[in-house]
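Engineer: kindly generate the corresponding structure for this input.
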Amino acid sequence: MVILKVLIIINFLVIFFQDVRERMVLWLLYPVAAVLAFLIQWKSNGIYITLVNTGFCFLLAAALLFISRMYCRMAWKRPFVNEVIGIGDILLFVALSLAFAPMAFMVLLVWSLFLAMLLHFFFGKYSIHRSVPLAGYMALFFAMVYGISFFIETKFLFAY
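Structural biologist: All right, here's what the predicted structure looks like:
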């Protein structure tokens, strides 16, 4: 389990650095993150609970993306994908839906979005890009979550 956590932390950090520097992330990193997250949860909970958690989290992520798409369509009248949110951001949402129990997923997702907003508020003015590296900022947050998970009981992340 320790090796899997180290690998996912490295993967998230690579996503972070690529997204912040280039606003493009190698697509292969997202399925790797998804598989590693699934394996970590599976080792903690067993396959049945992991599949149930994944189903609920995927529905939550899909609902969030659908509501965001509808809002952008009605209020901004702009295309959702590649104008408002990138494909990498959507792939990260899908990968993260394999990672945690539904309650932990909702709480961590909100905090990751809040951290992304704060980081972009403080560091966005130093960037040459106008877009927000949402996947990168979220990956940094989840790298920290997995790093902290070395020191806490994992049932708080995977079993609610």
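Engineer: for the rest of this, base every contact and every neighbour count on C-alpha atoms.
Structural biologist: Noted.
Engineer: tell me which stretches of this structure form helices.
Structural biologist: 2-22, 29-45, 47-71, 87-96, 102-123, 134-148, 155-158 (DSSP state H).
Engineer: show me what the fifth one is packed against.
Structural biologist: Packing partners of helix 102-123 (3 or more C-alpha pairs under 8 Å, 6 or more residues apart in numbering; DSSP states H and E): helix 47-71, helix 134-148, helix 155-158.
Engineer: which of these sits most buried?
Structural biologist: Across those, the average number of neighbours (mean count of other C-alpha atoms under 10 Å) peaks for helix 134-148, which reaches a mean of 22.
Engineer: got the angle for it vs helix 87-96?
Structural biologist: Relative orientation of helix 134-148 versus helix 87-96 (axes from the mean of the first three to the mean of the last three C-alpha atoms, to 10 degrees): 30 degrees.
Engineer: from the chain's centroid, how far away is helix 134-148?
Structural biologist: In terms of C-alpha atoms, centre = their mean, to the nearest Å, the gap separating the centre of helix 134-148 from the centre of its chain is 7 Å.
Engineer: for Val20, find the nearest of the helices and strands packed on helix 102-123.
Structural biologist: Between Val20 and these, the tightest spacing by C-alpha to C-alpha is seen for helix 134-148, at 6.2 Å.
Engineer: what helices and strands are in contact with that closest one?
Structural biologist: Taking 3+ C-alpha pairs under 8 Å, 6+ apart as the contact definition, the neighbouring helices and strands of helix 134-148 are helix 2-22, helix 87-96, helix 102-123.
Engineer: hmm, back to that, figure out which of the helices of the chain is closest to Phe80.
Structural biologist: Proximity to Phe80, assessed across those by C-alpha to C-alpha, is greatest for helix 47-71 (5.7 Å).
Engineer: could you check the angle the closest one makes with helix 87-96?
Structural biologist: Helix 47-71 runs at 150 degrees relative to helix 87-96, counting by the same axes, to 10 degrees.
Engineer: which neighbouring elements make contact with helix 47-71?
Structural biologist: Taking 3+ C-alpha pairs under 8 Å, 6+ apart as contact, the helices and strands that helix 47-71 lies on are helix 29-45, helix 87-96, helix 102-123.
Engineer: kindly recompute the last result at 7 Å.
Structural biologist: In terms of contact count using 3 or more C-alpha pairs under 7 Å, 6 or more residues apart in numbering; DSSP states H and E, helix 47-71 is assigned the packing partners helix 102-123.
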